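> what's the 3D shape of this:
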Amino acid sequence: MAIYLGIIAFILIIFIAVYNSLIGKKNMVENAYSSIDVMLKKRFDLIPNLVATVKGYMVHENETLTKVTEMRAKAMSGTLTSDQAVELDNMLGRIMVSVEKYPDLKASSNFLQLQGSLNEIEEQLSASRRAFNAAVLDYNNAIEMFPSNLVANMINYKTRQMFEIASTERNNPDVGNLFRN
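Next up is the predicted model:
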């Protein structure tokens, strides 16, 4: 009788261990999937804001360059009255204040930062997808391998699909289009 109770206790302990392992693997799959959602949300929120910032800076830089070019053309014309010269000097003072606020009027560095941020987000998203697929692989192996497949069948666990995107989503976001809009 003690031997039968020992065998039943041993089988029960194995069942509990396998069951808990399967639950842990299922939860790892869910966690890995949610990290993909987190990265997609980050990309959804961050990219348009970065593009808007760069676009705004480009406008500021373009306005400043246009004003400086216009003032230089007026000054070079030699046809300024004294009032116009004073007005031009005042405008130049306002431009200098603007330049002091933004001493490095180079949108290219903003584009480099945008490009770096895009690359970082895509790398993080790619890593999240790889982690999800690794968790799914581990889970699916447990579902299909003996003896855990016996427990998985008892609790009706099914294999999960690896992360694959639709063919329409295989293209990169059209950042150029974001600048045109």
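> Using CSV, list the CA coordinates for stretch 109-128.
C-alpha atoms of stretch 109-128 as CSV (Å, rounded to 0.1, in the frame of the first residue of the first chain):
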residue,chain,number,x,y,z
SER,A,109,22.1,67.0,-36.8
ASN,A,110,18.4,66.8,-36.0
PHE,A,111,18.0,64.4,-38.9
LEU,A,112,20.9,62.3,-37.6
GLN,A,113,19.3,62.1,-34.2
LEU,A,114,15.9,61.2,-35.9
GLN,A,115,17.7,58.5,-37.9
GLY,A,116,19.4,57.2,-34.8
SER,A,117,16.1,57.1,-32.8
LEU,A,118,14.4,55.3,-35.7
ASN,A,119,17.1,52.7,-35.8
GLU,A,120,17.1,52.2,-32.0
ILE,A,121,13.3,51.7,-31.9
GLU,A,122,13.4,49.2,-34.8
GLU,A,123,16.3,47.3,-33.1
GLN,A,124,14.3,47.1,-29.9
LEU,A,125,11.2,46.0,-31.7
SER,A,126,13.2,43.3,-33.5
ALA,A,127,14.7,42.1,-30.2
SER,A,128,11.2,41.9,-28.7
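> Mean confidence (pLDDT) on that stretch, please.
For stretch 109-128, the mean per-residue pLDDT is 79.
> do stretch 148-165 as well
88.
> Now it: buried residues?
148, 149, 151, 152, 157, 160, 163 (16 or more other CB atoms under 10 Å). Where C-beta positions appear, they are placed from N, C-alpha and C, glycine not excepted.
> Stretch 52-63 now?
54, 55, 57, 61.
> ok, the residues you listed vs residue 6, which is closest?
residue 54 (70.7 Å; CB to CB).
> Where does the prediction get shaky in the protein?
Applying pLDDT under 70 to the chain flags residues 60, 64-65, 68, 71-78, 80-108, 110, 167-173, 178-181.
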